[in-house]
Structure formats: C-alpha cells, structure tokens
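**Student:** Model the structure of this input:
(2 chains)
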Amino acid sequence: MNLSLIDPFVLAQDYPDTLTEKLHSGHATCLRFNHTGDYLASGRVDGTVVIFDIETNGVARKLQGHTRQIQSISWSRDGRYLLTSSQDWKCILWDLKDGARVRTVRFEAPVYIAELHPFNHLLFVASLFEDQPVLVDISSPKPIKRILPSAPLRPQPTGGEELDPAVAAKQAAQDAKHSTCVTIFTAFGNHIIAGTSKGWINIIETETCTTIHSVRLCNGVVILLRLSSNGRDLLINSSDRVIRTVLMPDLSQLGIDLEPSSIKLQVEHKFQDVVNRLSWNHVTFSSTGEFVTATTYMNPDVYVWERGHGSLVKILEGPREELGVVEWHPSRPMVAACGLETGGIHTWSIISPQKWSALAPDFGEVEENVEYLEREDEFDVHPAEQVHQRRLDLEDEEPDAVTLDPVKSDAEIDAARAFGVPVLLDIEDSDSGEDIIAVGPGTMRRRTPGAGRDPVNGDTDKESRPAANGVARGAGRNRRR
Amino acid sequence: MDHAQRTRSRREETRSPSPIDSSTDELAAASDHEEAQRRRQSWSHSKNFTPRRANPKKRRFDDSESPDELTVDPEEYWSASHNRRSPSPINRPTPTEGSHEDRSGESDEYADNRVRNDMNDDRSDTPVPTAGAAPPPPPPKPDHLNYKEKYALKAHLRGISTVQFSPDCTMIASGGSDAVIKVWDTLTGNLIYTFEGHLAGISTLAWSPDGQWIASGSDDKTIRLWNVSTGRAHTKSFIGHHNYVYQIAFAPKGNILVSGSYDEAVFIWDVRRARVMRSLPAHSDPVAGIDVVHDGTLIVSCAHDGLVRVWDTHSGQCLRTLVVEDNPAATCVKFSPNGKYILAWTLDGCVRMWNYVESRVVKTFQGHVNNKYSLSGCFGMYGSPEVRYSTPPCFAVSGSEDGDILCWDLVGKNILQRIKGHTDAVLCVHTGKLNGKRLMVSCGLDLTVRLWEEVPEDTHEEIPQSIPNTDGDQAMADASLDPSAEITPAQDVMMT
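**Tutor:** Now for the predicted structure:
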C-alpha cells in the first residue's frame, strides 16, 4: 500500500549502498530468505537454525535438532516448511507452524547442499560429501533415496562403429573421478542441475534420474549453483575464481520443440577480478536477476555486478571481517551476509532521506526558486458557511473502501498465501543465553557448539569433537560406518 | 460566487459525455432528472448535511449497458480483463481441504468481489432492459440499516473507553477507566474473563491478529498483553512511554504493535521482545489515534495538533501529512478495509474520509456531537450479500456524545441509522460479523457495552443465514488468522 507514496527515485534504486543492520544470534554460517522476504533463516555453527523476522530484526523461531554446523537451508514455496542440511549427516524438514520436525533423513556422509523441490516440500535433492548425490522422496516417513548420476553424458557411439575398449575403459575411469558438489532444481522442478568436481554441469531429469545433457563450463570445482528467481539464468561459482552467468534454455519445452541433444548452455558473463585474482566465497543473484553479488575470500567487501553490461557497479563496504554466505532479499534492495569471524549477519540496504515536503500538506520541494503566481480568486472573500457547503457539495464521488486492488503478479499472489510464522512472545526466554549455559548456582560457561545433544550420534561425537568447531568437512571421513 | 459558477459549469461539461447521458432514452431521462435533483440540493445552502435520498444515484460507468469498451473506465476494463485471463482459483466448486489451507477468508472474499465485477462487465453486452422491466442489474442499496440491541453488558464500574471484537468475533473485549479489561462471549453475552493489573484507566485495546492476545494501553504508561486462551497476563509489559498510552494497533502479522501516547510520540514495538523498535517523532501534541493498514506497510497517526500523518512502517518516514484548515484536534484515525482511505475524527464534529494519496477529503460525515471526547468508530458493510452492487455498500459508524450511534453511507453521506440506546456519550463502536450476522458493539460513559445485531426489517426480504464474508472490516481481521486453526465464517459457508 505504501508504493504510491514513496519517492519514485528511491524505488528506482535497485541495489543497496549502506551497511544498515546487524542481526546476531550465535555464529551464523548460512542464510536464506523465504520467498516473500519476510523471514531470514540462518543456520549456526552449533546446529541451531534461527528464523529472523525481517520486519522487526528479531528472532521469530529457533529450531534445534542438528548437532553440527548447518550447511544449507531451503524454504518451501509457501514458507511453512524449511529443509536444513548439516554436517551431522542429516537433513531435517521443519514445520514452522509449531517448530516440529516433519522428517529427519540420515545419510552416509555429511551433506553439502540440500534443496527442496520448488513445488513439493516432500521431495528434495542433496549433494553429499564424497558420495553420490541423491534425490530423496520423504512423502512417507521412510525416505526413498534415488542416486543421481555424476558422470557426464558421453555422446553415444554412432551405429556400427564399436567404441575402442581402451577408450571406454579410460572414460569409465574418468567418469569415476567425477563427484557432484552441488545439485539444484530448475524453476519447475522437472530437472536437476548438478555441478561436478571437474567443472561439468549435468542436467538430470527428475523423473527418471538420468542425465540428459552435460557440458563442461569451468576449469575448477563447481562450488555453487544458483538460479535467478524466474529460473532463466544460472549462476556458477567455481574454484577457478570466475563467476559465470549462464542463460538457461526453457527445459519445459523438452519434447515439444526442444530436443535433449539441442540443449545449449551458453555462458553470458564471466565475472572475475583479473588483477588480484580474488576467489569468491559465495555468490547470489539479486531479486530480479539483474545483479550478481559475491563475497570474496580474505576480504570484507561485497561485489555487485550488473548483468546488462557485465560491469561492476558497487563494492559494498563491509564490516571488518571476511564474509561468507551472501543473500539478496527477494523483493527489496537489501543484501544480507554473514561474517566468518563473529558469525553476525550484516545487512545492507538503502537509507532514503526524509522528504520534508511530506511533513506539511502545503510544502513542496522545488529545484530552484519559483515565482509565485497568485490565483485570480485567491483573496476573494466568501462567507465561511458558503465555502464549507460548497466543499461538501463537491464530495460527490463514489469511493470504494472495501475492494482491494487486483493482484498483479504471481509474487503478490504468493505473498497473499504466504505462511506467517506464529508470533511467539516467549522466544527470548526459551533460549535467552544462547551461548551461555548455567553449570551451577551463579556460575556460567560458554556452551561448546554442538556438544553432545544428539543421543543417536552421542558416542561418535566424542571421537570427532576437535573437528566439530572448525573444519568439519573432513570430519565425515573417519566417521563412516 | 463567480468562481463557484464556473466550477460547476465545468463539472457539468465533463460529465456530459458519460455513457449514461449518451445511452438509451430512458436512462438519459433518468439521469437528467437526477441531475436536476442534485443541482437543487447543492443550491440549498441552509442544510447542514445532505438529506437522505431514497435511491442514491449510480454513475458507475460499468453500470451503463454500453458495449463500447471505450466508455468504460480503462483501469476497470483492464482489471476485469486481467481477471478474465487468469481466473482466480477460488472458483473451484468444492474447496479441497489442502488447497484451502493457506488461503484466508479475506482473499476469497475480495477475489469474489472482483469476479462479480467481472460478471457485470460481461453482462454489459446484453441488450439494455427497458425502464419498466425487471429492476436494473445493480439494485438500489438499502437506504437505512436496522441494528437492534441484543445485549447490554454491564460489569464495568466506570466509563468504558474502548471495545473490540476479537478477530473471529466470538469474543468482545472492553476496557475503561476502572483499569480492568473484560472479555465477553459474543453469542451469549457472558463475561469470560476480567483482566486486572493496570494501575490506571485503560484507553485502548487491540486484539492480536491470531486472536490469542489482547494488548491494552493504559494511563499507567504501559502496554500489557493478556492471553485469552489461558487467561493470564504476559510476563513482560511494554514500558517506554513517558505519558498515557492513548491508542494502539497491531500490524497484520502480529509481530509489530504501534502505539500513540500523550508524550507526543509514536512507538513501534517488537511484540516478541516487548521492546521499542523505533520511535517516530510524530507530533507536537498528544497522539490520539493510530492505525495500521491491512498489509502492514503504512501507519497512520493523528494528534491533537490536528495533523494526520501517514508513515512508512519499514523506514519510519513520514510520507504524507493531512490537515484541515482550522486544525481541529484529530482524535481517531482508521484505514478503510482496502487501505485506500483514512477516516479521521476531529473535534469540530466531523468525521472526514481522506484519500491520502491525493491529500484530499473525499467525504465529510456530520450529524453527531463531538467536541470533547475521543470518539472512535470504524467501517462496516451493509446490503444483501447476494446482490451484486457496483461498489460494495459500506458505511462509516461513529459514536456521539449525545448517546447515539450514527451510521453514514459512504457514498451519499446520508445517515443510514441513528441507533439509540446508550444514555451517555458513546466512545467506541466496532463492527463485526459472526455466523453470517452483522454485529456492532459499542461502549460509553453509561457503563454499558451494548451489542447490536442487524435484523432484517421486512419479512419478505430475509437475510440468508449462510453468506460469504462480505464484511470488509471483518475480512481484514480474518486475514491473518490461521485458517487451519480457526474456522472463519467464510470457510464455514463453504463447508455447508
């Protein structure tokens, strides 16, 4: 409702410029906004998931169930369910209505990234550490896992000529070296885009779990894949220190006027720092896909590129710490990133100055002096009664005070249906000293992140305790059963 | 006078090409007659307010039967065609449980309204009915209301300053200068709870959108929250105001509470933490009225300095200031159900409806007595819900210091009903709807809370029991209710 009153110049600015807020609850490692942008979920080092209310910058809900650092967060479309993956080899689907765990799925390895199907919150895809990626159906309490291929699709030998066994063996050996690092769904969820450790992008059909297209786009490991909100653009962060944007073909046309063989992934832009050869911690699209944002390794800055010309438009001055995960608000020009050292969440947005013409009805803001032109009847004296009556007579329109404006876009319809996390008034009490626990009368100590809270995992925890705080990615190796 | 003449003639000129005048003879004749009548009325200066009209005139373009789409207001045409392209999902004949789970009653209702407009447009292709035939498509709105007293609830010991329906209208909360809040059952009129804890009189209360909590603002400078399901007070009270809390309002999600106080500030509270998020340097006099628009993006405040200010919730900036010429103290503000207008009470005995985008008074309602107290009222719906009106018939209601309750038609400004019953000033009126019955609750200095129910006047024109939730105000209140937890009236209907 406020759009009609806001300065259009403020609305026209589509990327943030100033560091505005700092949200703090434990040591956050990953972030994700819900689709309407009302809430920001953050995963902490100690395995707690904290939902922030963006309107109040306060904690709306805390979810406890993981025992290790959270690796990824994925919201369902309606914003009611949340899928988290963690280094404790588990994925949990949460119901935000009451904070309950709907499903807990255990894997044989730590999870890199798990993402929910865009329309079905009981289906997700997960990429695992040194293991095959899986498509998991959790519609029943017992999850059904289907393994997705990692090897790129080789061109089939054309009829007649047999493939040389030596070449075939070599290819098989090469294929075995591929491991998938990232898997995400396309906009409609009919396909999965997977990035491998060799820089290949595989497009896998969700229904059949078969690769329909493979292409090598990067020279290094694919670290992260992101789709823009409309699903037409793909963002690839790779360990070769180049961020690529790729125009996605319309995969929903497959079988109609697009053949799997004619899929083409074209790199549109390559964003890199040619001088310093910076490597990028995390990348994301802006809400419209118009901008690309990245945090840099060993550097407190956030880079913002514009995709139209592929130029760097802004380097957001950050706090004095290296930043990890960066996320762009789905509707506002607002960026959130979490600091690697403090674990605080920093947000950048626009601070618009107060328009003083709004403070009184007869104020106006003019560029330069304007000669005042007196209206012809300005100083005519009319009896107050008459003036009043005339004014009343002029009120002859038919106001409609009830009917809402028709919703214009899908986003607005989504917003209307969006789930609101219940307002809990005792949220602070439930876990007020989040890092401090009482060990006796009057004595407190800092809570060790993730210390023995999972009875299932209790004994293995003790062996790998040193890994829990820091480099837990490698921790999974000696824990495999 | 010369000036007036000119404006009038100009206005007539602009009106002349309207499709009503240019359509069939019958309609043209009718509008001529109306025009004359209107002119007569506007020339009679002696009247204080426009007299009742038996048949408020219709000048909506889409009411004319002209098939020429150029004569239709383009905005309406496009909105209608938009609907045509993407039919809203609520048209499904039988609502399935799963798909309706996340839809609120509100969106259904409004979508329904839009669809109706759409139908009107579609029907405009049919030939024009003659004047003597069956009544024209949009029938006349009722020219009066018929609210009858259902209960007079007496338990307060001193004057009652505020009364509110719960979001689902099953309960009524009232608070007054005896510093207690009483919660009543709407259906039976029984007292459910009495919340005691404030140290001074209560001037305002608000239900949280989920219906779980009542927030109350008091002269002891605090805002307290009371849980309606457990009957207990919230442990944390909202402390921060330096003077009496005058009026409070919840944002639709329930995460934000806005309060206006005698200390001239508007505070935006984080409800979860019971902490001030932002303080708006709002006014230079006590802030008397506060309201939040249905989507939570705007806050309106008014103060005794006569200013009505519209704020951006997110940035905390003032976006508009509305004021009438002689700065009469403004005592209450309310957004319309769709958020396009603001109703503002001022101590010059007027209630004005503002189009705040254009900073213009759209309607001035008069007839009540208001020169001393902060009266409060709201919007309400009337007319048969089955009939498709061109604009949903809506009224504004306010108490009066002479003990009456006045309902004005939003279009004609005529008094639809002057409800008598209270014996002293009526300070607060709220409308609601329960089980398809339109209700109104009022309170005042005569220590009673009175519940009024709209009853059909004529036996032949009965109001059906199950009607979709057309009450805009109520629909607003339902919007943030979790439909899976509560059965809103709208859903109730669909089940049966």
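**Student:** so how many other residues sit close to A:Glu365?
**Tutor:** Per other CB atoms under 10 Å in any protein chain shown, the neighbour tally for A:Glu365 reads 9. For the C-beta atoms, the positions are set from N, CA and C on the backbone; glycine is no exception.
**Student:** show me what contacts the residue lying closest to it once chain neighbours are set aside?
**Tutor:** Excluding its sequence neighbours, the residue lying closest to A:Glu365 (CB to CB, 6 or more residues apart in numbering or on different chains) is A:Ser357, at 4.6 Å. Taking CB atoms under 8 Å, 6 or more residues apart in numbering or on different chains, we find A:Ser357 in contact with A:Phe363, A:Gly364, A:Glu365.
**Student:** Kindly present those as TSV, with separate columns for secondary structure and pLDDT.
**Tutor:** Formatted as TSV, the contacts of A:Ser357 follow (DSSP: H, G, I helix; E, B strand; the rest coil; pLDDT from 0 to 100):
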residue	secondary structure	pLDDT
A:Phe363	coil	81
A:Gly364	coil	81
A:Glu365	coil	81
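**Student:** where along the stretch 351-496 of chain B do the strands fall?
**Tutor:** B:360-366, B:377-381, B:394-399, B:405-409, B:415-419, B:426-434, B:437-444, B:448-454 (DSSP state E, counting those that start in this stretch).
**Student:** ditto for the stretch 51-200 of chain A
**Tutor:** A:58-63, A:70-75, A:81-86, A:90-95, A:100-106, A:111-116, A:123-128, A:134-137, A:144-147, A:180-185, A:191-196, A:200-205.
**Student:** how about JSON lines for the ones you listed, with mean neighbour count, mean pLDDT and distance to chain B added?
**Tutor:** Formatted as JSON lines, the strands of the stretch 51-200 of chain A follow (neighbours: other CB atoms under 10 Å in any protein chain shown; pLDDT from 0 to 100; distance: least, CB to the nearest CB, whole Å):
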{"stretch": "strand A:58-63", "mean neighbour count": "22", "mean pLDDT": "89", "distance to chain B": "5"}
{"stretch": "strand A:70-75", "mean neighbour count": "25", "mean pLDDT": "92", "distance to chain B": "14"}
{"stretch": "strand A:81-86", "mean neighbour count": "26", "mean pLDDT": "92", "distance to chain B": "12"}
{"stretch": "strand A:90-95", "mean neighbour count": "23", "mean pLDDT": "92", "distance to chain B": "12"}
{"stretch": "strand A:100-106", "mean neighbour count": "16", "mean pLDDT": "91", "distance to chain B": "14"}
{"stretch": "strand A:111-116", "mean neighbour count": "25", "mean pLDDT": "91", "distance to chain B": "16"}
{"stretch": "strand A:123-128", "mean neighbour count": "25", "mean pLDDT": "91", "distance to chain B": "16"}
{"stretch": "strand A:134-137", "mean neighbour count": "20", "mean pLDDT": "92", "distance to chain B": "18"}
{"stretch": "strand A:144-147", "mean neighbour count": "13", "mean pLDDT": "90", "distance to chain B": "21"}
{"stretch": "strand A:180-185", "mean neighbour count": "24", "mean pLDDT": "91", "distance to chain B": "21"}
{"stretch": "strand A:191-196", "mean neighbour count": "25", "mean pLDDT": "90", "distance to chain B": "26"}
{"stretch": "strand A:200-205", "mean neighbour count": "22", "mean pLDDT": "90", "distance to chain B": "27"}
